[in-house]
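> with the sequence up front, the predicted model follows.
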Amino acid sequence: MKTYLLTSLIVTFVTLTTAHAQPADLCKMPLAELQAKAAKSEPAAMIELGARLQMGTGLPVDFKAANELFLKAGDLGDGRGYINLGHNYMVGNGVTKDIAKAIELYHRDGALGNGIGYCYLGQNYEFGIGVTKDIKKAREFYEKAANLGNTDAQQALKALDAGK
């Protein structure tokens, strides 16, 4: 039950903070214009279009198409694509639930120099989600994320220190 609750909290956080963590002009952009930008392989447009597909905003829900866009955006260097796709693997949105694949995608985001993937890896290790619980590894990932400016990881480190 603890793992389920924590996973739900992580998933909620990912959904609220990454799917629409876009410039305001993309969030308000007409669908046809957004689709044209995504067709030109503009990663931010691909992520926004993927989020709209995932949520059914202005078009039918299509997790498969959303996931393809998220992967391509990640492969083009925008780690938010990997985070969104990792979220979908974490819960099974449009793919078979696969926490190991989600963890792999979080690593890929971190390798691009983004703190959020490392922060999620810290959470996985802190709470034993898809991996053996390991506070030392959790701290290592939180530190990597914090060094990249991730404030959630900074707070997690403070919480780990307080729990010593």
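Now that the structure is in, tell me what you want to look at. A quick note: this is a predicted structure, and the numbers were derived from the prediction, not measured.
> now do the strand or helix carrying Ala36: everything it contacts.
Element membership for Ala36 (DSSP states H and E) is helix 31-39. Residues outside helix 31-39 that contact it (CB atoms under 8 Å, 6 or more residues apart in numbering): Leu26, Met29, Ala45, Met46, Glu48, Leu49, Arg52, Gly58, Leu59, Leu69. Heads up, the C-betas are built off the backbone N, CA and C, glycines and all.
> any of those residues buried? List them.
Neighbour-count burial (16 or more other CB atoms under 10 Å) is assigned, among these, to Leu26, Met29, Ala45, Met46, Glu48, Leu49, Arg52, Leu69.
> out of everything not next to it in sequence, what's closest to the third one?
Think Ala45. Nearest residue to Ala45 in three dimensions, chain neighbours excluded: Lys37, at 3.5 Å (CB to CB, 6 or more residues apart in numbering).
> where's the one you found relative to Asn124, distance?
Applying CB to CB, to the nearest Å, the value for Lys37 to Asn124 is 33 Å.
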